[in-house]
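Chemist: After the sequence you'll find the predicted model.
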Amino acid sequence: MNKAIIAGRLVRDPEVSYKAETQNCVAKFTLAADRGKKNGEDLGADFIKCVAFGKTAETIEKYIKKGDQIIVDGSIHTWDYVDENGDKKYTWNVAVRAFDFGKQTEHHAGGYSGGPSREEPPEDFEAVDEDVPF
């Protein structure tokens with residue numbers, strides 16, 4: 001089973017685009033997920049790349065901004081690429097199937113009142129990021 005549930009804050013506004021051939025919305029964003037504390041010391045955060053599609057991506061574009069906390073439900077997709085030195089690299093992201101708002105934020109305080117948003121990745125989804133390597 002490939003399932004990931006992650007709570008975190010967006011490190012920047014989502015990058016939204018539309019696939020030319022289908023006009024399907026795609027939202028890419030990075031979540032900072034806190035690792036917690038041990039003996040009163042902050043253990044830092046993990047930065048997790050995520051991608052959402054369709055209505056889910058449109059809702060994220062409309063209501064989620066940098067600093068907002070959300071909870072994503074999805075699956076992990078991995079891929080490889082060759083960097084400029086000819087070395088093979090591996091990377092991954094979470095393909096978001098659903099999300100829910102974390103704590104109330106000013107961006108969606110009066111705008112979106114529904115429950116979680118759900119949408120499956122398109123069948124032809126390839127987890128390729130133009131920003132690779134990162």
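Modeler: Arrived safely.

Chemist: Tell me which residue is most central in the protein.
Modeler: Centroid-nearest residue in the chain, with CA atoms, centre = their mean: C50, separated by 2.4 Å.

Chemist: sec struct for that one, please.
Modeler: Recorded secondary structure, C50: strand (DSSP: H, G, I helix; E, B strand; the rest coil).

Chemist: Looking at strand pairing, list the partners for the residue nearest to it when sequence neighbours are not counted.
Modeler: Distance criterion CB to CB, 6 or more residues apart in numbering; nearest residue to C50, sequence neighbours excluded, is V94 at 4.6 Å. The way it works is simple: take the backbone N, C-alpha and C, and place the C-beta from them, glycine included. Beta bridges link V94 to C50, I76, judged by DSSP bridges.

Chemist: Any figure for the gap between V94 and M1?
Modeler: Distance, V94 to M1, by CB to CB, to the nearest Å: 15 Å.

Chemist: These two: which has the busier surroundings?
Modeler: The neighbour comparison of V94 against M1 (other CB atoms under 10 Å) goes to V94, with 21 against 3.

Chemist: and T56, backbone torsions?
Modeler: phi -60, psi -50 (degrees, to the nearest 10).

Chemist: returning to that earlier point: isn't the residue nearest to C50 up against T78?
Modeler: No. Judged on CB atoms under 8 Å, V94 makes no contact with T78 at a distance of 10.9 Å.

Chemist: doesn't H77 make contact with T91?
Modeler: No. If you go by CB under 8 Å, T91 and H77 don't touch, sitting 9.7 Å apart.
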